[in-house]
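J.: predicted model and sequence below, questions to follow.
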Amino acid sequence: MAPKAKDAVAKPKRKRASDSEKPVKRRRSLSHEDESPGDKILLMEQGILESKKNYNNIPILLQTMESYKDGSEESVLAAVALCRVFMRLLAQGAFVSKKGLSEKDSVVLAWLKDQLNLYKTTLLAILASEEELSGTALTLSMRLLKAEGEFLYDREEYTFPTNFLQNIIVALLQTDNDEVRGTFMQEYAEGYDDIRFYTFKSIKSAIESSVDVVSEAEVFDHALSMLSALDGVPESAEELEDFYVPAPKKKNHNLRSVTQHKRQGQEAWLALTGIAKSKEQRKSILNIMSTVIAPWFTKPELLADFLTHSYDTGGSMSLLALSGVFYLIQERNLDYPSFYHKLYSLLDRSILHSKHRSRFFRLLDTFLGSTHLPAALVASFIKRLSRLSLNAPPSAVVFVIPWIYNQLRRHPTCTLMIHRENKDPSIKKLIQNNGVEDPFLPDETDPMETGAIDSSLWEIEQLQSHYHPNVATIAKIISDQFTKQSYNMEDFLDHSYATLLEAEMTKNVRKAPVVEFHIPKRVFLPQDEPTANPDSLLVKLWSFQ
Amino acid sequence: MAGSQLKRLKATLKEQGIVGPQQSKKQKRKAAQDDRARSEKRLQRGVVLEGIREQFNPFDLKHAKTPKFEVTTNRPVTAASRIKGRPGAAKAASEERRRQTLLVDMQRRHKVGGILDRRFGENDPTMAPEEKMLERFAREKLKTHKKTSMFDLEDDDDAFPGEGLTHGGKALTFDEMDAMDDYEEDDIDDSASDVSEREMQRLKRVRAMAAEGDMDQDDQPERKKSKKEVMEEVIAKSKMHKYERQAAKEVDEELRAELDKELHGIQHLLTQSSKRQTEEKPQPSAIAGVERSVFDKDFDLQVKKLAQDKRAKPSDRTKTEEEKAEDESNRLKELEEKRQKRMRGESVSDSDGEDEDEEMGSDGSQAGDDSEDDFGLGRGINAKPTAAELGFDDEDDFIIDDDLVASGSDIDSDEELDLGSDMDAEEDESEEEEEEDEFTKGLLNEEESRNPVFSIDSTTKSADVEKGDENGLPYTFPCPQSLEEFQSVTASYPGTSLPTIVQRIRALYHPKLDSKNKERLGKFAAALVAFISSPWDPETSPPFSVLESLIRHIHSLAKSFPLEIAQEFRTQIEEISNERPLAIQPGDLILLTAVGTIFPTSDHFHQVVTPAMLVIARYLGQKVPQDLADHAIGSYLSILTLQYQKLAKRYVPEVLNFALNTLCALAPTSPSAGVGSFPRHDSPASLRAKGASQVSVRKLGFSDCLHSDSSPVELKVAILHTVSQISDAAADTWSSKGAFIETFGQVLEVIKHLNAKACRSHLPSELRDRTEKLQVKLERMMNLSGLSRRPLELHHHKPLAIKTYVPKFEETFDPDKHYDPDRERAELAKLKKEHKRERKGAMRELRKDANFMARENLRIKKAKDEAYEKKYKRLVAEIQSEEGREANAYEREKAARKRSRNR
C-alpha cells in the first residue's frame, strides 16, 4: 500500500511542475517569434502586478482576449497573462475583503471581482465553443479554480469554488469536443478526489437543469461518456488523499468520507438514468450497469425502478436488465412477484437468434439452477425452448440441448417428457387409434399452467436428425442413458455459424472423401426419360434456360 | 529318559558301538590289517557321532513351530522340512566372514598407505637367508615357466617333468621315438602313402605300452593312486581310444581307395564282352547338344514346375445377362448399404473402404463393363480387346463419354462428329463392323489412336494444334494447371466446345500415359472446379448444358482425384464463408449444386458437404433479404438443401425460416405478428406482391438472382410460387419427423394467411390454386401426423447396475498368491514387500556388525589392560624386590652399626 500511495502523491506533483513550466516556455517562444504583441501584453501584465494604477490594463487585456473568435494569437497570450495576473492577485489577497477597507478600495475590489467573473465567462465561452483553444482554456480555468479555492476567501474555512466548477462542467457538457472532456476526466476528475466529488455534484445539477429534449439527448451522451470514465470507486477513507485544492482540515468533512463520495456518484447516475428516455440510452446504461454503475451505489434499490422498468419493456432490453434485477432479488430482497413469469415471456421467437443469447443463457442457467423449483415450471421452460429450437440456428440448438439435459437431471420428474409409458390398456388403445395431442399450450403466459409436464419433447427427437452432424450427435444425448452428471454449459455457449464453419474448415482432409458413385445424367437440364429417372427437385422448380 | 546328560551320552555311545568293551591285542591287530573295513568303520563312526552330537545339542537346529493341534495338510511333513535353520552354524559362518572382512577393515582403520611385504619368507624368522634366496629363485623360475594353456603339453613336460604322462611313476621319454611324440602332427601331416606304416608303428607302441602297464600292475604291489594319477590315466586312455578309432578308419579308407583304383580294371574285364553293343550308342552325356547332367537338371526342374503348376481351371466365363444384372444389383446394394451406414454416422471401416478401392482398382476393366450395364450401354464392349491393353481401365471414362454421347443433344452430336473425324484423321479403321455400337466406337478409336499420338507427341503436336478439326478445335491442348490457364486455353473457342476440350485434355493426359499426368490432371480438375464457381454472367458464362457436362466431368475426375477436388471445393467454400457469407453469388450456387451431385449428401459427416451445408444454412438463417434477388437466391438454396436431404431427410430449420419469412415478406398484406415462432425479419413494403392477379406464373431462373433496382411483380409471384412449392417439398421430405405438427403448423398459418381474403385478390389464380392445395395437403398431413404421434419413450435402457466392491470369488484360491486385479498396484505391493525384507536384512547385518565390532574392541581393550596389568605388576614386584633388598641392606647396616656401637 505504502508505495502506491506515494505514487499517487507524487503524480500530481509532477503534473503541477510541468504545468508551471509550460507557460514560461510559451512566453519565451512567443517573445521570440513576434515581439511586438507579446511584449506589449507582457508589459501590461508587469504593469498590473506592479501597481494598482495599472488595473485599467485588465479590461484592455480582456478585450484582446475576447477577439479569440478572429483566431488571433494575442487573445491566447492575453488569456494566459490574465490568468497569471488573477492568480497573483488572488495570492496577494487582493480579492479578500477585509474589514475597514476604504470605500474606494471596496469599489476597486468589487470592480476586480467583476473583471474576474468576466474573465471566467470568456474562458468558459472559449472552452465551450472553440476547438483549438479549448485545451488551453481548460488548463487556465483549472489553474484559476485552484487559485480561487486557495485564496478567494479566508484561509480558515474550506471553500471549494463549486460555482466555477459547475460552470466548467456545463461548458464541457455543451461542447462537442470529446478530447477536452477526455482530458478533463483523465487529468483532473480521475486524479483528484475533490474534483471528482464536485464533478458528480455538478453533473447532477447540470442534468437536472437541462430543460429541452434536444439538448437533453446531447447532455445525456456527454454526461454518460464523462460518468462512465469515472470507474475508480474509493474503497476506504485512506484512499482519499489527492486533492486539487488544498484539503479541508476538518476530519469529518464530506470530502473525507467514502460514503459521501459514493453518494455523489450514485446521485449523478440516478440523475442520468432519470433522463434516459430512448431505448438506445437505456441500453447503453444497462450495458455498463454491473461494471461501472453498480459500484457507486450504496443503495442499489434506487435502481430498482429503472431496472424493473427496463425489464418490463421486453426484448433485448429485458435481457440486459435481467442481471441487474436478479442481483436485486438475490442480494437486496427485491420483491419481483412474477419474475419467472416474466422470464418465461422472454423466451420469444427471437431469443435464440439474439446476439445476447449467450449472456441470457448464462443467467437462465443460474435462475433455473435451483432444484427446488416446481417441476411444472421447469417443464414449461424446457418445452418452450425445445419448441423454439425448431427454428433455431445450430449454434443455439447446441446449448439448448445440454441445458435441457442438465434440467432433466436436476428435475427427474421432468424426464416424463422424454419417457412416458402408459400402462393403462384403455389409454394405450386410445393412443393407438387417435394418436396424442400435445397438451402443451404455447400461448399460455404462466409457466405453471402450460401443461408442458404432460407433453413430450418431440422437437428434440426431430433435432436428432439435424443436418449438422455435431448438433445431431448432441441431440442424441437426450435419448442415451443419463450417465453423465451434468454438462458444463460454458462448452456450448458462444458458437456461431462462423465458428462452426471454421471448425469444419480447420480439419485437414487426409482421407479421401467419399464420392457419389452414381454420376447423374442430368444436373440442370430435364431428364430425357422422366418416367425412368424423375427430374431432381432443382430441375422441377428452377428453370435453367 | 532318566539320568543326566552325561549318563545319557554314555548310554548312547555304547549303544552305537562307539565305545565298547576293551579289545584284545589280537583283535586290534586284525582290525588294523583289515584296511578297508577300518576306513569304512571310521567313516561310519563320524556319521554316527555327528548324529549323536546333533541329538544332544537341540539348540544347533531351529525347528519350525509344531502345530498346536493335529492338522492335515497336503504337504508331507518330514523331519527335514521341519528344520528351518542352523543358527549355530550360521552364526559361526557369519563370524568367520566378519573376521575376514570387517576385522581386517577395522585393523586397517586410521592407517594410511603402507607397503605389504609379500616377499617369500620375509616374515618367517625360521628360515636362513640362504634358504630364503634359494626358495625365491625357485619361485621366480617357476613363474616364468608358468603354464599358459591347460592343454599345452610341451611346456608341461619341460616345466614339470614329474607331472607329465607317467608310466609306473616314471616320466615317459620319447627320445628314441622322436617322430611319434605328437599325435596331432601325425593326423595332419601324414601323407596317405606312409600312413599305414606309421600307424602300425604307433599301434604297436600303444599295444606294447598297454602290455607293459599290465605287466607293471602284475609285478608291483597295489599302490593307492593319487587322484591326479587317476585322472591322467583316464585322459591317456581316452586319447588312446580316439587314436585307435582314427587309425582304423584310415586303414579302411586306404583299402577302399585301393579297391576303387582296381575297380576300373575289374569293370573293364567284366564289361568286355558287351562292349561292342554299347559302343554304338551315342555318348549319353550329351543330349540335344546339352550336357547330360545339365539336361537332367533341366528335366527335373521342368517336372517340378509342372507339378507345381496350377491345374488348368476354367477361366471366368462370360456371364449371362441375368448374372450380370444380379452382380450389378449386388454391387448397388452394397454401395447403398455403405451409404446407409455413412448416413447413420457409423464409420465405414477402413479396410472396407480399401476393399472397395481395391475392387475399383484391380478389376477396373470389368467394373467398367459392369458400369456400362449400369447405364444400359454396355453391350458389345467385350468384343473390343484394346481397352484393357491400353490400360484403359478407368470406368469413368466409359461412363462419362457414353453418357455424353448418349444424351444426343447438340453438343454431344458435335462431339460425336468430332470423335468420328478424329478417328478418320488419325487412323483408318473399318467403321462398318462397329456401326451398331456407335456410342463407344468414337471413343474407343480415339483411345486407341491416342498412343501413337502421344508417342509422336513432340513432333506432331504443333502441327496438330494448328490443324484442328472441322470446328476449328485442335486435338491437343496443354493441360491447364490453374483457372487462369484454363481460361486462356479456352478463351478462343466458343463456350459450347468446353466439354470437348475437357474431354480431349482428359484423354491426352490420361494417367496411364505418363506418370506426371496424374498430378497434371489433379490440378486440372481443381481448375475446373474453380471454373464452375467463377462469377456467373448471363451473357458470357457458358450455358447450363455445358456447365452440366463440366460438373459431370469433375464428378468422374473426382473418382480418381477425390482429394484434390475435395480440397478445391473446400477452398471455394471457405472463400465464400470468409468473403461473402451473406452475399452469395450465382456462381457459388453452381458450385454448391456441384457439391450436391458429386458428393454423397446423405452422409452423417462429409468433408465437403458439411461445410457446404453450413454455408447454405448460414445464408438462409442470417440473411435478411433486402431485394427480390436475395429472395431468389434463398429460394435456390432452399431447393438445393431439400435436394441434399432427399435421402437422409435431415431437418434443416433454416429452410423453413427462410421460406416463411419470404412468404410473409412477399405476401400482399403483412400477416399478424403472432404467426409461427420463427424469427421475423423486417422487409421493405415495396417487395409485397400487390395487384398481381393478372400476372402469369413462371419459374425462377438464374438471372433473377442478379441484383437489380426494379422489382417486377412477375418475379414476386414467381418467388411466391417457388417458395410455396418448396414448402410443399419440405413437408414431403420431413413428413415422418416427430415434431411435424409443430414445424409445419407455422407453414400452415402463413399459407392460410396467403389464402385469406386480403391476399387472395392480389394473387394470380395459378398461385392461389397452389396455395390452396398446399393448405389442404398440410392439413391432411398434420392430421395423419397427429394420429401417428405417440408419447416419447426414449429411455428403454437397461437399468444401470450399482457398482460393487465385493471381491471376486476365486475358484482355486491360494492364500500365497495375490489376486489384485490392478496390475500396477500388485507390482507395487511386491516391490514394497521386497524392500521391507531387504531393509530388515540390512539392519540385522548392521546390528551384527556393530556387535562384532564392539566385541572385538572389548577384546582388544581387555588384552591391552591385561598387558598393562602384567607390566604394572612386574614393575611393582621389581621395585618391591629392589626395595626389599635395600631395606634388608639397611637393616643389616643398621644392625651392624648397632652392634658395633654396642660393642
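T.: Noted; the coordinates are in hand.
J.: now do the strands in the chain.
T.: Assuming you mean chain A. Secondary structure of chain A (DSSP state E): strands located at A:542-543.
J.: should've been chain B
T.: Under DSSP E, chain B gives strands at B:62-63, B:83-85, B:166-167, B:170-171, B:286-287, B:290-291, B:700-701.
J.: tell me how many other residues surround B:I505.
T.: Using other CB atoms under 10 Å in any protein chain shown, B:I505 has 23 other residues around it. C-beta coordinates here come from the backbone N, C-alpha and C atoms, glycine included.
J.: once you drop chain neighbours, what's closest to it?
T.: In space, and not counting its chain neighbours, B:I505 is closest to B:F477: 5.2 Å by CB to CB, 6 or more residues apart in numbering or on different chains.
J.: quick one, domains of the chain?
T.: Assuming you mean chain A. By the assignment in automatic domain parsing, chain A contains the domains A:1-157, A:370-506, A:514-545.
J.: switch to chain B, that's the one I care about
T.: Listed by automatic domain parsing, the domain ranges of chain B are B:373-580, B:623-787, B:849-903.
J.: got the ones you listed as CSV, with mean pLDDT columns?
T.: Putting these into CSV (pLDDT from 0 to 100) gives the following:
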stretch, mean pLDDT
domain B:373-580, 63
domain B:623-787, 87
domain B:849-903, 92
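J.: out of the ones you listed, which one sits most buried?
T.: Highest mean neighbour count of those: domain B:623-787, a mean of 20 (counted as mean count of other CB atoms under 10 Å in any protein chain shown).
J.: distance between the ends of that one?
T.: Domain B:623-787 stretches 36 Å from its first residue to its last (CA to CA, to the nearest Å).
J.: could you check how far A:A276 is from A:S310?
T.: 9 Å (CB to CB, to the nearest Å).
J.: the two - which one has more neighbours?
T.: Just comparing A:A276 and A:S310: by other CB under 10 Å the higher neighbour count belongs to A:S310, 26 against 20.
J.: hang on, the earlier thing: return the most buried member of the domains of chain A.
T.: Greatest burial across the domains of chain A, using mean count of other CB under 10 Å, falls to domain A:370-506, with a mean of 19.
J.: end to end on that domain, go ahead and measure it.
T.: By CA to CA, the extent of domain A:370-506 from end to end equals 39 Å.
J.: so how far is that domain off the chain centroid?
T.: 36 Å (CA atoms, centre = their mean, to the nearest Å).
J.: cool, and stretch A:227-236?
T.: 13 Å.
J.: likewise stretch B:611-627?
T.: In terms of CA atoms, centre = their mean, the centre of stretch B:611-627 is found 48 Å from the chain centre.
J.: one more: stretch B:841-854?
T.: On CA atoms, centre = their mean, the centre of stretch B:841-854 falls 53 Å from that of its chain.
J.: quick check: A:T450 touching A:I382?
T.: No: using CB atoms under 8 Å, A:T450 makes no contact with A:I382, being 10.5 Å away.
J.: ok, back up a step: shared neighbours, A:A276 and A:S310?
T.: Both A:A276 and A:S310 are in contact with A:R282, where contact means CB atoms under 8 Å, 6 or more residues apart in numbering or on different chains.
J.: enumerate every residue touching the residue nearest to A:R84 when sequence neighbours are not counted.
T.: Leaving out its chain neighbours, the residue that sits closest to A:R84 by CB to CB, 6+ apart is A:E45, at 6.4 Å. Listed by CB under 8 Å, 6+ apart, the contact partners of A:E45 are A:N57, A:L61, A:A81, A:R84, A:V85.
J.: farthest pair within the residues you listed?
T.: A:N57 and A:R84 (12.8 Å; CB to CB).
J.: is it true that A:L373 touches A:H411?
T.: Yes: with contact defined as CB under 8 Å, A:L373 reaches A:H411; the gap is 7.4 Å.
J.: where does the stretch 251-400 of chain B get nearest to chain A, residue-wise?
T.: Across the stretch 251-400 of chain B, no residue is closer to chain A than B:L335, which sits at 5.3 Å (CB to the nearest CB).
J.: quick check: the gap between that residue and B:K646.
T.: The value you get for B:L335 to B:K646, if CB to CB is used, is 16 Å.
J.: now B:Q27
T.: Applying CB to CB, the value for B:Q27 to B:K646 is 125 Å.
J.: now do B:P791
T.: On the measure of CB to CB, B:P791 and B:K646 end up 30 Å apart.
J.: and A:P374, what is it in contact with?
T.: Taking CB under 8 Å, 6+ apart, one finds A:M448 in contact with A:P374.
J.: give me that answer again for 10 Å
T.: Contacts here follow CB atoms under 10 Å, 6 or more residues apart in numbering or on different chains; on that basis A:P374 touches A:Y340, A:S380, A:H411, A:T413, A:P447, A:M448, A:I453.
J.: ok, and the closest non-adjacent residue to the last one?
T.: Put plainly, it is A:I453. A:A379 (4.0 Å).
J.: what does the pLDDT read for that neighbour?
T.: A:A379 is assigned a pLDDT of 93 by the prediction.
J.: coming back round to it: would you reformat the domains of chain B as JSON lines and include distance to A:P425?
T.: Output for the domains of chain B, formatted as JSON lines (distance: least, CB to CB, whole Å):
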{"stretch": "domain B:373-580", "distance to A:P425": "53"}
{"stretch": "domain B:623-787", "distance to A:P425": "19"}
{"stretch": "domain B:849-903", "distance to A:P425": "90"}
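J.: what about the spatially closest residue to A:A294 that is not a sequence neighbour, how many neighbours?
T.: Nearest residue to A:A294, sequence neighbours excluded (CB to CB, 6+ apart): A:P300, at 6.4 Å. A:P300 has 20 neighbours, counted by other CB under 10 Å.
J.: A:P300 against A:N333, yeah?
T.: No: contact criterion CB atoms under 10 Å: A:P300 and A:N333 do not qualify, at 11.2 Å.
J.: so in chain B, which helix runs the longest?
T.: In chain B, assigned by DSSP state H, the helix with the most residues is helix B:823-902.
J.: centre of the chain to that helix, how far?
T.: 74 Å.
J.: try stretch B:60-74
T.: Centroid displacement of stretch B:60-74 relative to its chain, using CA atoms, centre = their mean, is 54 Å.
J.: average pLDDT for that stretch?
T.: Mean predicted lDDT for stretch B:60-74 stands at 79.
J.: next: stretch B:595-607.
T.: Per-residue pLDDT values across stretch B:595-607 average out to 88.
J.: quick one: end-to-end length of that stretch, please.
T.: End-to-end span of stretch B:595-607 (CA to CA): 11 Å.
J.: chain center to it, what's the gap?
T.: The chain centre lies 34 Å from the centre of stretch B:595-607; the measure is CA atoms, centre = their mean.
J.: near chain A at all, that stretch?
T.: Yes: against chain A, stretch B:595-607 shows contacts by CB under 10 Å from any CB of the partner chain at B:G596, B:T597, B:I598, B:F599, B:P600, B:T601, B:S602, B:D603, B:H604, B:F605, B:H606, B:Q607.
J.: who wins for neighbours among the residues you listed?
T.: For those, counting by other CB under 10 Å, the largest number of neighbours falls to B:I598: 29 neighbours.
J.: I'd assumed B:F561 was in contact with it.
T.: No: using CB under 10 Å, B:I598 makes no contact with B:F561, being 11.5 Å away.
J.: overlap in contacts, the two.
T.: A:V515, B:I554.
J.: stretch A:294-304: which residues count as buried?
T.: A:A294, A:P295, A:W296, A:F297, A:P300, A:L303, A:A304 (16 or more other CB atoms under 10 Å in any protein chain shown).
J.: ok, A:V170 - contacts?
T.: Residues near A:V170 by CB under 10 Å, 6+ apart: A:L124, A:L127, A:A128, A:S202, A:I203, A:S205, A:A206, A:S209, A:S210, A:V219.
J.: how much space separates the residue lying closest to the first one once chain neighbours are set aside from B:V675?
T.: Right, A:L124. Nearest residue to A:L124, sequence neighbours excluded (CB to CB, 6+ apart): A:A171, at 4.5 Å. A:A171 sits 54 Å away from B:V675, going by CB to CB.
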